[in-house]
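Q: Mind looking at a prediction? Sequence and model below.
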Amino acid sequence: MFAGVVVSKTMLTNQFYRRLVWPTIAPITRATRQQALNGHNHNGGSNGVLLWWSRRLMSSNNGGGGGGGSLDNNFLTAQQSLKGLTAEPDNDIKLRLYGLYKQATSGQCTAPKPSAFNMVDRAKWTAWSQLGQLSKSEAMQQYVATVNSLTGADGGGSGGQTRGQQTPNDKEDGQHLLVEKRNGVTKITLNRPDKFNAITKPMYESIASALNDAANDETIKLAVIIGSGKFFSSGNDLSNFEQAFKQFKGDMRAGTEQSAKVLQHFVAAFIDFPKPLIGAVNGPAIGIAVTTLGLMDCAVASDSAYFQTPFSSLGQSPEACATFTFPHIMGFSKASEMLYFNHKMSAAEALQCGLISRIVPSAQFDDYIENWIFGDKGLVNTCYPKSMQCSKQLVKNDSFRLKLHEINKEECDTIKERWISDECLDAIQKFLQKKK
């Protein structure tokens, strides 16, 4: 989706998962298909065809199967066991199983490398080709061991529960976004410190909802967004691509359309927020965690913070109205460094160019925010809420907000095309390969 650093392995569909068990390896003629159905369907239905076809493959690939009967049987049993899993393995394991199956039945990969645009086939090709000269028997052994670890057949498995089975996007995100109302302040805390506060799709929706709720709550004077742990936010969680891909059964364009709508709605909540909105940047900020600062009314940062928008390194384009706010705040030259050239801006540089209003020592940051907002001489006790809102309305009036909404739509229309571009898909694929 948007510029960020956290990613799942790749985007795979349920259809691809089924192909792990019954991949297309060689053409089956009408005669051999009928032979399988009529004369070799010992187990009934498609399972019989699968077993017969697997034996046919093993016979042709292993010289009739001589000397490997026990391993061959274990290999066939593992394929059947894989179909009975109650929990779907994560993508790392799917790809590994695919690569091992191909290596065991066809040997070393000699197929041409698929284009970057075809991400599923590219990921499958990589999983197979990286096995190199691994022998067929070794590939079979590793395949069997991997399946046994999933089913618990080796005594040390997880009984079908696999690493990464439940992703942040699959469950309620309340624990990943903390919303607290206190003394007239809505405090929104990004709470995924183990993932550097990368933002999932439910978090985007929850942040927008929290801002809209605070806007309509007469008891709320202002809102503040902060991160937990050492990062403010590493930006978009690129597993959002995977979730959209699965939701729309591999239709990339439908997935990007839906993602663009989520983005536009998210940014609109910042544009329309009528009360003071503060960014408390407790650590590094990347991607959309930086661009949204341009829509806030004030941002302060710890001395451990830095700011980066790596759009061109990911083959993407800016969002959150940064194409307007960044030149407006810091001038065209510095904005170009950020938006085109992936410049990593220090806290001192951000202060100098006006992206933030002050720098606070990291060790004192939490205490500073607490006193600045809630202290005896803090904002809550010294600033009348209607006065602040009237001032903001003059600074960001209706025509200004209308302009931002137009820019938001234009940016979203552009980025959804970038998400399916060769450059973006190639960049994501390279990132996946670096993570291995």
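A: That came through, no problem.
Q: C-alpha from now on. contacts and neighbour counts both.
A: Noted.
Q: Could I get the full set of strands for the chain?
A: Secondary structure of the chain (DSSP state E): strands at 177-182, 185-190, 222-227, 277-281, 285-286, 298-302, 306-308, 344-346, 358-360.
Q: The ones you listed into TSV, with extra columns for distance to Thr414 and mean neighbour count?
A: Formatted as TSV, those follow (distance: least, CA to CA, whole Å; neighbours: other CA atoms under 10 Å):
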stretch	distance to Thr414	mean neighbour count
strand 177-182	28	16
strand 185-190	27	22
strand 222-227	27	23
strand 277-281	27	23
strand 285-286	20	26
strand 298-302	27	23
strand 306-308	20	25
strand 344-346	24	17
strand 358-360	33	19
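Q: The residue nearest to Asn74 when sequence neighbours are not counted: neighbour count?
A: Residue nearest to Asn74 in three dimensions, not counting chain neighbours: Val144, with 6.7 Å by CA to CA, 6 or more residues apart in numbering. For Val144, the neighbour count with other CA atoms under 10 Å is 27.
Q: Surely Val144 is in contact with Asn73?
A: No - at 10.1 Å, Val144 does not count as touching Asn73 under the criterion of CA atoms under 8 Å.
Q: what residue ranges in the stretch 251-400 of the chain are flagged as low confidence?
A: For the stretch 251-400 of the chain, no stretch is flagged by pLDDT under 70.
Q: how about the helices in it?
A: Along the stretch 251-400 of the chain, counting by DSSP state H, counting those that start in this stretch, helices occupy 252-271, 288-291, 322-330, 332-341, 347-353, 365-374, 379-382, 385-395, 398-418.
Q: one step back: out of the strands of the chain, which is closest to Ala127?
A: Between Ala127 and the strands of the chain, the tightest spacing by CA to CA is seen for strand 285-286, at 29.9 Å.
Q: Verify the stated contact: Arg358 with Gln352.
A: No - Arg358 lies out of contact with Gln352 (CA under 8 Å); the separation is 9.3 Å.
Q: can you pull the contacts of Met345?
A: Residues near Met345 by CA atoms under 8 Å, 6 or more residues apart in numbering: Tyr306, Phe307, Gln308, Met338.
Q: partner residues bridging the first one?
A: For Tyr306, the beta-bridge partners are Ser346 (DSSP bridges).
Q: For it, give me its contacts.
A: Tyr306 makes contacts with Gly283, Pro284, Ala285, Lys344, Met345, Ser346, Ala347, as judged by CA under 8 Å, 6+ apart.
Q: could you dump the contacts of Met345 to a markdown table with distance to Arg192?
A: Listed next are the contacts of Met345 as a markdown table, based on distance: CA to CA, whole Å:
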| residue | distance to Arg192 |
| --- | --- |
| Tyr306 | 19 |
| Phe307 | 19 |
| Gln308 | 19 |
| Met338 | 25 |
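Q: before we move on, the earlier item: right, and the helices of the stretch 251-400 of the chain - which one's nearest Asp194?
A: So among the helices of the stretch 251-400 of the chain, helix 288-291 is nearest, using CA to CA, at 16.6 Å.
Q: That closest one: how far from the chain's middle?
A: 16 Å (CA atoms, centre = their mean, to the nearest Å).
Q: Other residues contacting that helix?
A: So helix 288-291 is in contact with 2-4, 232-236, 307-309, 318-322, going by CA under 8 Å, 6+ apart.
Q: Name the residues of it that are buried.
A: Within helix 288-291, the residues that count as buried by 16 or more other CA atoms under 10 Å are Ile288, Ala289, Val290, Thr291.
Q: And stretch 402-422, by the same measure?
A: Buried residues in stretch 402-422 (16+ other CA under 10 Å): 404-405, 407-409, 411-421.
Q: sorry, back to before: from the helices of the stretch 251-400 of the chain, which stretch is densest packed?
A: Per-stretch averages of neighbours, counted by mean count of other CA atoms under 10 Å, single out helix 288-291 among the helices of the stretch 251-400 of the chain, with a mean of 26.
Q: Domains in this structure, by residue range?
A: As recorded under automatic domain parsing, the domains making up the chain are 14-151, 168-434.
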